[in-house]
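# Predicted model, plus sequence, below.
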Amino acid sequence: MKYFPLVWAALLRKPAHTILTLLSVVMAFTLFGIMIGFNASVERIVNGAFPERVYVYSRFCTGPGPNVCIMPLAYREQILRLPGIASIGYRSQVPGYYQDPKNRAYVYMVDEGWCRTRPEYNLTPARCRQLEDSRTGVFITRSIAERYHLKTGDAFPVLTKAVTQADGGKLWPFTVIGILDDIPRETRGYIIGNYSYFDQTQPLNERGTLGTFAINISVPDPAVSAKTALAIEALFANSGDPVHADTEVAEAQASSQWAVNIPFVTMVVAGAGLFMVLFLTGNGIYQSVRERIAEFAVLKTLGFSDWGVMALVFAEAAIPCLLGAVIGLGLATAFAAKVPSLMPPSFYLPAPYLPASVLGVGLVCAILVALLSAVIPAWRLRGLDVAAALAGK
Amino acid sequence: MTMLKQIAAVSLLNFKSLRARLWSSLVIVVGMTAVIAVLLSMLSLKAGLDAQLQAGDPGRILVLSSGPESVFQSKLTRDQAALIMDAPGFSKADDGTPLVEGEILNSPPASRKTGIPTFVTIHGFGPKGFALRPEVKMVSGRKVRPGAREIMVGQAARDQLAGLRIGDKVILPNGTWPIVGVFSAGGAALDGEAIADRDTLMNSVKSVDFNIVIGRLENAQALDKIKSALAANPALQVMAERETDYYAHINADDRALIGAVAWTTGAIMALGAMFGALNIMIGAVRARRQEIGTLRALGFGGLPVAVSVVSECLLLALTGTLIGSAIAWAMFNGAQEAWYDNLFILKVTPGLIGLGIALALAIALLGSLAPAIRAARLPIVEALRAA
């Protein structure tokens, strides 16, 4: 405790310097927090990928759009005959909007097997039965319910831009039958409808087709999943509708580098910000110690140990670094909460994810910056010649 | 005149004494280097996408079925295509027929050289495909022959995707198609895509419909003429737009997002650098108090002293900006990049470097103005006493 007044006096010696240093550190750590938050949210999706899951798509669809890649439902039975398949579900989708084209509504039309294969979507067996029993019923998530002020029982008409029904219809008269919790991988919430209703609306020649199979194998091992994916591709390689199969782990890894290499970009930017303040704080503490050599000589004469003096220097560096990091990471957290509303709908980058563990990394980095910036001046004080220093030499 | 001489003298004196404040001066240089390197690197993505759009040909139009937002979801029957091709306003091919025809697209899976799965878009070119796109030039190999199951790839696709060199084979529904040539499309999106013969491709993917009709305008005003002809035909529910406009609006959100991310990041870093510069310049003025006091006692005015403070900061910030620009340029100018399935080249343009310099000037001014005014107003006696 006896150190505190000394550190405080050092910081107040040049208040403008201390405040400006603090502001620079705040900026660097705001950026650092946003960047490691983005990285953490992408990492969470990659780590959260189910190792036992495989997805199957039509191999030759006409592009990256919805409703253009369809496969025969009959493939289900053939896939189920492969060894180790625990469950299989399928999904098509209605890509539309609610009330205004800006309000995208992408409705997953699923079967009962999908509910079991993708349990993270919170579709319990009871809810799935509810879905099957109501033709036009949909489950929406809390974030969507809040965005459009919807509650259970409300009509939720979805319009599509292109014709999506056999009779030329573009309107899907859905009704909300329940509200589910949001999940991290669906950054804008999700909507689940009934596949059999979807199928009944399709032109006769497209009935019994679907967009995606989701498959769980009985062993949670990405290597086994990858083998199963290859086996499924081989199964239909010579058929009229060949397929493309991916493991969920491979898809998640790809998604983090699909637009830009997010892990790389976030780390470089976070590092650039820290490097910038490291120079600033290092220079500041170096100057401060050099100008106060006589003061340190007095302290040593009074019996302060080398380590005690070094601790003083370190504390002088650490206070603006830690305080700046706390404020900066706080600003980053506040910013993260705003990100979903700033992101254009076509881009599914999740908001920065800043739990205590990630914020802890930020604080550790702040301590490292303080240590690095104090190490040279602190080290020089160890061999301080007290007499020469007091004489001003 | 004497004022200018004074400014020059004080500034020169100051630059000579900069070496004494080397380390603190480096803080401004390093700060600006970091800001500019990060900002320009991020903006090189947007500049690359913009350059790709500018490489497109505004003389070409696409006709899509109305509703879908993308060419992949658009569907036009042969009858509809024939009606569209009858519209007035298309330029004439060598044989006198209008330069317009239906095309099909297909996107089989592919992977980047980094192993990331993606897909490659294949354009099915009809007989007029090359006449419609005079910018397509062969780089190596040969063109695909009508009726043959062959593919030619753009050079960006060859460079960035795995297994797309001449002699490699692409798996399509009825067998493997060899790659027989590599083309350049002058930096447009087509460079990252592939070309095959339309009718062979339609056969292979069992499609009887086209995705789009593509045509060349006879003159700049012809688009309106075509649009009104299409709108007047009740048998058609289609929309026509310039190919460049189509590509511009399908990635408008993404380009806006890149700009927003770059500028948010840049602004936060720039603020940090600005506080840093202010910090250092206050220190510099403090260190120069005796020099400033002496100069003032000799009769030098306050303005030359203030100018010397601002010019010091400008010089340091500009040095950092040039280093930062050089880093961004060396690392990213001309680098290959993939934004989803769109393959393009990053650009650090002179315009971007100019922007960086402007930003450096702004930060340097904001960071040095207050200390400069303080330096100019420093009472002489007090300044000289401060040793």
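Thanks, I have the structure now. Numbering: from 1, shown residues only, chains lettered A, B, ... in the order given.
# residues in contact with the residue nearest to the spatial centre of chain B?
Nearest residue to the geometric centre of chain B (Cα atoms, centre = their mean): B:Ala47, 1.6 Å. Residues in contact with B:Ala47 (Cβ atoms under 8 Å, 6 or more residues apart in numbering or on different chains) are B:346-349, B:351-352. Bear in mind the C-beta positions are built from the backbone N, C-alpha and C, glycine included.
# Distance check, it against B:Leu352.
Using Cβ to Cβ, to the nearest Å, B:Ala47 is found at 6 Å from B:Leu352.
# residues near A:Ser143, how many?
17 (other Cβ atoms under 10 Å in any protein chain shown).
# Can you pull the phi/psi pair for it?
Phi and psi for A:Ser143, reported as degrees, to the nearest 10, are phi -60, psi -40.
# where does chain A have low pLDDT?
Under the criterion pLDDT under 70, the flagged ranges of chain A are A:1, A:62-68, A:345-348, A:393.
# Which segments of it make up each domain?
A:4-46+A:260-390, A:53-218 (automatic domain parsing).
# First-to-last residue distance for the longest one?
The separation between the terminal residues of domain A:4-46+A:260-390, taken as Cα to Cα, to the nearest Å, is 23 Å.
# Redo the domains of chain A as JSON lines? Include distance to chain B.
Shown next, in JSON lines, are these (distance: least, Cβ to the nearest Cβ, whole Å):
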{"stretch": "domain A:4-46+A:260-390", "distance to chain B": "3"}
{"stretch": "domain A:53-218", "distance to chain B": "3"}
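# Assign the residue of the stretch 1-150 of chain B found nearest chain A to helix, strand or coil.
For the stretch 1-150 of chain B and chain A, the shortest gap (Cβ to the nearest Cβ) falls at B:Phe72, measuring 2.6 Å. Assigned state for B:Phe72: coil (three-state reduction, DSSP: H, G, I helix; E, B strand; the rest coil).
# Distance of it relative to B:Phe119?
Distance, B:Phe72 to B:Phe119, by Cβ to Cβ: 10 Å.
# Ok, which of the domains of chain A comes nearest B:Phe130?
domain A:53-218 (22.3 Å; Cβ to Cβ).
# is it true that B:Gln73 touches A:Ala162?
Yes. The criterion here is Cβ atoms under 8 Å, and B:Gln73 meets it with A:Ala162 at 6.2 Å.
# For those two, indicate the residue with more neighbours.
More crowded of B:Gln73 and A:Ala162, by other Cβ under 10 Å: B:Gln73, with 21 against 18.
# B:Ala87 belongs to a strand?
No. The assignment for B:Ala87 by three-state DSSP gives coil, which leaves it out of any strand.
# Contact partners for the residue nearest to A:Leu354 when sequence neighbours are not counted?
In this structure, A:Leu354 finds its nearest non-sequential neighbour in A:Gly37, 4.5 Å apart by Cβ to Cβ, 6 or more residues apart in numbering or on different chains. Contact partners of A:Gly37, counting by Cβ under 8 Å, 6+ apart, are A:332-333, A:336, A:351-354, A:358.
# Now tabulate those residues in a markdown table and tack on secondary structure.
Converted to a markdown table, those look like this (three-state DSSP):
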| residue | secondary structure |
| --- | --- |
| A:Ala332 | helix |
| A:Thr333 | helix |
| A:Ala336 | helix |
| A:Ala351 | coil |
| A:Pro352 | coil |
| A:Tyr353 | coil |
| A:Leu354 | coil |
| A:Val358 | helix |
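# chain center to stretch A:280-295, what's the gap?
Offset of stretch A:280-295 from its chain centre (Cα atoms, centre = their mean, to the nearest Å): 41 Å.
# As CSV, could you dump the C-alpha coordinates of it?
Taking C-alpha atoms only, stretch A:280-295 is exported to CSV below (Å, rounded to 0.1, in the frame of the first residue of the first chain):
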residue,chain,number,x,y,z
LEU,A,280,3.2,4.8,-27.0
THR,A,281,3.1,3.4,-23.4
GLY,A,282,6.7,2.2,-23.7
ASN,A,283,7.9,5.6,-24.8
GLY,A,284,5.9,7.3,-22.1
ILE,A,285,7.2,5.1,-19.2
TYR,A,286,10.8,5.4,-20.5
GLN,A,287,10.6,9.2,-20.5
SER,A,288,9.0,9.3,-17.1
VAL,A,289,11.6,7.1,-15.5
ARG,A,290,14.5,9.0,-17.2
GLU,A,291,13.2,12.3,-15.9
ARG,A,292,12.8,10.8,-12.4
ILE,A,293,16.1,9.0,-11.9
ALA,A,294,16.9,11.1,-8.8
GLU,A,295,13.6,10.2,-7.3
